[in-house]
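A.B. asks: can you look at this prediction? I've put the sequence above it.
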Number of protein chains: 2
Amino acid sequence: MATRKQRTGRRTDALSKERIVEAAVALLDAAGESGLTFKALTERLATGPGAIYWHVANKGELLGAATDAVVVTVLTAGPAEKAKTGTPQDEIRTVALGLFDAIGDHHWLATQFAVQLSRAPAGPVTPLIFETLGRQVRAMGVPRESWFTTTSALVHYILGAAGQNAANAKVAGTVTDRDEVLDATSQAWKALDPGGYPFLHAIADQMRRHDDREQFLAGIDLVLAGITTLHPPPAAA
Amino acid sequence: MATRKQRTGRRTDALSKERIVEAAVALLDAAGESGLTFKALTERLATGPGAIYWHVANKGELLGAATDAVVVTVLTAGPAEKAKTGTPQDEIRTVALGLFDAIGDHHWLATQFAVQLSRAPAGPVTPLIFETLGRQVRAMGVPRESWFTTTSALVHYILGAAGQNAANAKVAGTVTDRDEVLDATSQAWKALDPGGYPFLHAIADQMRRHDDREQFLAGIDLVLAGITTLHPPPAAA
DNA sequence: ACCTGAACACCGTTCAAGT
DNA sequence: ACCTGAACACCGTTCAAGT
């Protein structure tokens, strides 16, 4: 009964690259980059390593595919599709926050971005990010010859800031942890030689009280202000 | 003859954390993060793994110490000490370029920054970078309550951009390679669906011709312009 | 075409034993 | 106090063999 498996398409429990990538993302989310092993993967998928290697060339490709899957979801189904009504600045903020939160949910992305952005000719991630943010840069009235440079600066800030924030978040697992880490760092800065580190002494309290998302957005606004200053929109008299 | 080894200090060939870190940096520079193994390390230092573990807790600490060593050298003996005559903007550019070039010389730094910046209470790297750049932010006339946020944005851009550039450079070993990679990427962008990726089509040529350092500095200037716009110096009437 | 699972080379880390 | 080197658990990857 029900033996015509081929016609109806693949069986639900059949192995496929998608199912492997899905399991990889789950493992990465649960235990970080060191949590993704072929042993954990074969246990979760109830197979042997050979089966996985039939669908995937090696671990690097698997990490790349996991990164692609997460980022593509964030950028296509996510914020970019919503805020179609706002100013270019609003859309940039939304997309940036989407990537920020994605790295917050998947800490392993922080390290992966540095690796993935360099894949030449590259997966879908770099093109998607550049296209999405670049359109808004264009909409801001930046002249054509500065499109690439300006968009690059924006992308670098977003991925740099989001990545470093995620690294911080990884250390602090819970909210309480975060408070403790900030407190410890603040104390450490205050404990440094005041003659050698006057600036750190001056900002130790600001740093302890800061909110990650707020500060990330403040940085976005700073970059946006720079863009507008260097390339004033023609409409503004 | 010459048997009073203790008085004259440690023997030249004695193992020490510094010598281990030095060897680690050499291995990382030569073959990247995967080139640093305890086997390679013991061969280079002519010892066994146990000897290394006497001086270093684990591989993570070793990577951290290697990062600290390189960055501290760049920031203390390097550019920060030279350009003492220029404007704050000039000094920021010099320090930023110093970090940019350091990551260019030691590609493995790109991944390490994401990891190291999160070490709490952290090694000397984060304090040094924040102190060095923060002083210039202060000198630019940024009001006190914005010191931490502004400096953070600057640090995030510098490390983000430098890291992503280094990742690109890793793929392209030689200058010729770089041309080929840029060419391939440019072609790949042009091969995308023009309806879905109009912006990438428009910048494909700019991206092929761009110079890494030039573009990095253009991004710095963009951030500096943002700082000046949001926080105009009191002197400027 | 797709999967199994034993086998291989290599890795970080430990530790009893030496000096 | 510092170093040796065998041993351990684990890792990514391969491949002859199955279906």
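C.D. replies: Noted; the coordinates are in hand.

A.B. asks: in chain A, which residue sits nearest DNA strand D?
C.D. replies: When scored by Cβ to the nearest atom of the strand, chain A has A:G50 as its residue closest to DNA strand D, at 3.0 Å. Backbone N, C-alpha and C define where each C-beta goes, glycine included.

A.B. asks: so A:Q215 touches B:S152, yeah?
C.D. replies: Yes: the pair A:Q215 and B:S152 passes the contact test of Cβ atoms under 8 Å, sitting 6.0 Å apart.

A.B. asks: does the helix or strand that contains the residue of chain A closest to DNA strand D reach DNA strand C?
C.D. replies: When elements are assigned from DSSP states H and E, A:G50 belongs to helix A:49-55. Yes: counting by Cβ under 7 Å from any atom of the strand, contacts between helix A:49-55 and DNA strand C involve A:49-51, A:53-55.

A.B. asks: for that helix, give the mean pLDDT please.
C.D. replies: For helix A:49-55, the mean per-residue pLDDT is 97.

A.B. asks: other SSEs contacting it?
C.D. replies: helix A:17-31, helix A:38-45 (3 or more Cβ pairs under 8 Å, 6 or more residues apart in numbering or on different chains; DSSP states H and E).

A.B. asks: want to throw the residues of helix A:49-55 next to DNA strand C into CSV with neighbour count?
C.D. replies: Output for the residues of helix A:49-55 next to DNA strand C, formatted as CSV (neighbours: other Cβ atoms under 10 Å in any protein chain shown):
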residue, neighbour count
A:P49, 11
A:G50, 8
A:A51, 15
A:Y53, 11
A:W54, 11
A:H55, 16
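
A.B. asks: between these, which is closest to B:G32?
C.D. replies: Comparing the residues of helix A:49-55 next to DNA strand C against B:G32 with Cβ to Cβ places A:Y53 closest, at 23.8 Å.

A.B. asks: what residues does the residue in chain A that chain B sits nearest to make contact with?
C.D. replies: For chain A, the residue closest to chain B is A:G160, as judged by Cβ to the nearest Cβ, at 1.6 Å. A:G160 makes contact with B:156-161, B:163-164, according to Cβ atoms under 8 Å, 6 or more residues apart in numbering or on different chains.

A.B. asks: so A:G86 makes contact with A:T94?
C.D. replies: Yes: counting by Cβ under 8 Å, A:G86 touches A:T94, with 7.5 Å between them.

A.B. asks: which of these two has more residues huddled nearby?
C.D. replies: A:T94 (18 against 13; other Cβ atoms under 10 Å in any protein chain shown).

A.B. asks: name the helix or strand for the more buried one, please.
C.D. replies: Taking DSSP H and E as the criterion, A:T94 maps to helix A:88-105.

A.B. asks: dump that helix to PDB, keeping only the CA atoms.
C.D. replies: Listed next in PDB are the C-alpha coordinates belonging to helix A:88-105 (Å, rounded to 0.1, in the frame of the first residue of the first chain):
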ATOM      1  CA  PRO A  88      15.300  55.500   2.400                       C
ATOM      2  CA  GLN A  89      16.800  56.200   5.900                       C
ATOM      3  CA  ASP A  90      13.900  54.300   7.500                       C
ATOM      4  CA  GLU A  91      14.400  51.300   5.300                       C
ATOM      5  CA  ILE A  92      18.100  51.200   5.900                       C
ATOM      6  CA  ARG A  93      17.500  51.300   9.600                       C
ATOM      7  CA  THR A  94      15.000  48.400   9.300                       C
ATOM      8  CA  VAL A  95      17.300  46.300   7.200                       C
ATOM      9  CA  ALA A  96      20.200  47.000   9.400                       C
ATOM     10  CA  LEU A  97      18.300  46.100  12.500                       C
ATOM     11  CA  GLY A  98      17.100  42.900  10.800                       C
ATOM     12  CA  LEU A  99      20.700  41.800  10.300                       C
ATOM     13  CA  PHE A 100      21.600  43.000  13.800                       C
ATOM     14  CA  ASP A 101      18.900  40.800  15.300                       C
ATOM     15  CA  ALA A 102      19.700  37.900  13.000                       C
ATOM     16  CA  ILE A 103      23.300  37.900  14.300                       C
ATOM     17  CA  GLY A 104      21.800  38.200  17.800                       C
ATOM     18  CA  ASP A 105      19.800  35.100  17.200                       C
END
